[in-house]
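In: only geometry, no sequence info:
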């Protein structure tokens, strides 16, 4: 993932939380906010301390970034996404994580049909 595809600033996170729509399943919550100014999507990740220790949290973030990298051609490009991992996400392997995120993105109707 490139730097310009990341949401880092607190004000950007807050904008997505306040103005965006949220969609959820057991493992993840995804906030989506359309942003016509940009040509490619941006993602922000939030994995709280309740989910697990640092190693677990970093692993979850890596999995999420890799999922978005693999789905980059199927995801709407003019959006900002904030993904929040819930407790059950700590027990998932990569394939289960991908399946779960695809599920949430389909609910949000931002994933193109295959």
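Out: Yep, that arrived. Fair warning: this is a prediction, and the values are worked out from it, not measured in the lab. Numbers count the residues shown, from 1 in each chain.
In: Residue 26 contacts residue 85, correct?
Out: No. Using CB atoms under 8 Å, residue 26 makes no contact with residue 85, being 11.0 Å away. In short, each C-beta sits where N, CA and C put it, glycine included.
In: Looking at these two, which is more packed in?
Out: residue 85 (26 against 11; other CB atoms under 10 Å).
In: how far away is the residue nearest to the more buried one when sequence neighbours are not counted from residue 72?
Out: In space, and not counting its chain neighbours, residue 85 is closest to residue 47: 4.4 Å by CB to CB, 6 or more residues apart in numbering. Residue 47 sits at a distance of 21 Å from residue 72 (criterion: CB to CB, to the nearest Å).
In: Those two: who's more crowded?
Out: A count of neighbours by other CB under 10 Å puts residue 47 above the other of residue 47 and residue 72, at 21 against 13.
In: can you pull out the helices in the protein?
Out: Along the chain, counting by DSSP state H, helices occupy 10-19, 54-70, 94-107.
In: Among those, single out whichever gets nearest to residue 42.
Out: Nearest of the helices of the chain to residue 42, taken as CB to CB: helix 10-19 at 7.9 Å.
In: model confidence over that closest one, on average?
Out: Computed over helix 10-19, the mean pLDDT rounds to 94.
In: Which strands or helices does it pack on?
Out: For helix 10-19, the packing partners by 3 or more CB pairs under 8 Å, 6 or more residues apart in numbering; DSSP states H and E come out as strand 28-34, strand 42-47, strand 79-85.
In: So what sits opposite residue 43 in the bridge?
Out: residue 6, residue 81 (DSSP bridges).
In: Confirm for me that it is in contact with residue 5.
Out: Yes. When contacts are counted by CB under 8 Å, residue 43 is listed as touching residue 5 (6.6 Å).
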